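**Student:** Show me how the following folds:
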Amino acid sequence: MTDTQRQTLKVMAVTLLLLLVASSLLFAAQQEQELTKTFIPDASRPMTARIRGDAAEITIKGLPHGREGRARYRYDGEKFSGLLEWDAERNLFEAEVDMGGLDWDSDDDHHQSELEILLPPRAPVDLDLDLKFGVVELDGEELDLSGCAIDLWAGELNADFPVPLTNVMQRMTIDVKMGELNVRGLGNVPFDVLDMNGFAGTTLLDFSGSVAMRREVRVDLEMGEIEIIVPAGMKVEARIAKFIAELDLPSGWRRDGRYASTPDTRRGDGELYLDIRGGLGTITIRER
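**Tutor:** Numbers count the residues shown, from 1 in each chain. Model (predicted):
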């Protein structure tokens, strides 16, 4: 083979390689899609954020300033489809994520499905979220919830409320049927009743915060770990129904059958009333 032939083969090989790289990049670019939506809620009344989906990583938080809200859904167009809509008359934002019946836990590589919702600062929001599989990150620093109903079939939910909210909710519901639930700063969330239900996993509830009011919290977990952190000095009453779960209470708490309380707290006088039901696993209450 002559030098000219060798050089020609090299050029052909490099050209073919470049074509393959370009085609793969073009194919990948075709699959990665993005939807965006901007909206301006009517601040004189609560807006509703209604989210429905098969599988996604969802982030919800407030913006530091401005009147406009924004939403962005980035996804693998081969596996997912999505919808973002704003109804100004109803003050309603809606997001839908559809996996098309595909198996989220397939042997394929991870498929992108990321939904980010950025809301105007301190705007009253009625959050209604129903997700089958995924991760939900709720940052409450610039949010002000007027309602909250979250249903996650399997996955992880992390919520943090580092500053006080102003709207009093009659009822909050958070269900994570299988997976991990972490809610911090619940002492900054004004609500009358909080219902939390799950089948298997871990539940962490941290009641640090500065909003003083009487709250009732119902926790039901069939299998797994329940950990509840209460501020030292808070008057707490608890009714604990357990099958064979292990129970760990702070030192000095009174115990009378299924009932427990902080020292010198009479029944009906607690700031926080806990109704805990655990099957298999552990139930831990700590003071901090």
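**Student:** how about residue 92, what does it touch?
**Tutor:** 47-48, 50, 86 (C-beta atoms under 8 Å, 6 or more residues apart in numbering). Heads up, the C-betas are built off the backbone N, CA and C, glycines and all.
**Student:** redo that, cut-off 10 Å
**Tutor:** The neighbours of residue 92, taking C-beta atoms under 10 Å, 6 or more residues apart in numbering as the test, are 39, 41, 47-50, 85-86, 126, 128.
**Student:** Could you do residue 287 as well?
**Tutor:** Counting by C-beta under 10 Å, 6+ apart, residue 287 makes contact with 229-234, 236, 249-253, 262.
**Student:** Narrow those residues to those in strands?
**Tutor:** 229-230, 236 (DSSP state E).
**Student:** for the residues you listed, which one is nearest residue 204?
**Tutor:** residue 229 (7.6 Å; C-beta to C-beta).
**Student:** That closest one reaches residue 204, doesn't it?
**Tutor:** Yes - Residue 229 lies in contact with residue 204 (C-beta atoms under 10 Å); the separation is 7.6 Å.
**Student:** Okay, strands next: where are they in the stretch 1-150 of the chain?
**Tutor:** 32-39, 47-62, 69-76, 81-87, 92-98, 113-119, 124-139, 144-160 (DSSP state E, counting those that start in this stretch).
**Student:** TSV for those strands, including distance to residue 198?
**Tutor:** Shown next, in TSV, are those (distance: least, C-beta to C-beta, whole Å):
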stretch	distance to residue 198
strand 32-39	31
strand 47-62	18
strand 69-76	27
strand 81-87	27
strand 92-98	22
strand 113-119	23
strand 124-139	14
strand 144-160	9
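**Student:** These: which one's closest to residue 212?
**Tutor:** Across the strands of the stretch 1-150 of the chain, residue 212 has its closest neighbour in strand 144-160 (18.0 Å, C-beta to C-beta).
**Student:** Note down every partner strand of the closest one and its orientation.
**Tutor:** strand 124-139 (parallel), strand 169-184 (parallel) (DSSP bridges).
**Student:** Would you mind saying which of the ones you listed lies nearest residue 114?
**Tutor:** That would be strand 124-139 among these, by C-beta to C-beta, at 9.6 Å.
**Student:** returning to that earlier point: in ChimeraX, how would I select the buried members of the contacts of residue 287?
**Tutor:** In ChimeraX, this line selects whichever of the contacts of residue 287 come out buried by 16 or more other C-beta atoms under 10 Å:
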select :229,230,231,234,236,249,250,262
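**Student:** could you dump the contacts of residue 287 to a markdown table with distance to residue 269 and pLDDT?
**Tutor:** Putting those into a markdown table (distance: C-beta to C-beta, whole Å; pLDDT from 0 to 100) gives the following:
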| residue | distance to residue 269 | pLDDT |
| --- | --- | --- |
| 229 | 21 | 96 |
| 230 | 15 | 95 |
| 231 | 17 | 93 |
| 232 | 17 | 91 |
| 233 | 14 | 90 |
| 234 | 12 | 93 |
| 236 | 10 | 94 |
| 249 | 18 | 93 |
| 250 | 18 | 92 |
| 251 | 21 | 92 |
| 252 | 17 | 91 |
| 253 | 15 | 93 |
| 262 | 10 | 92 |
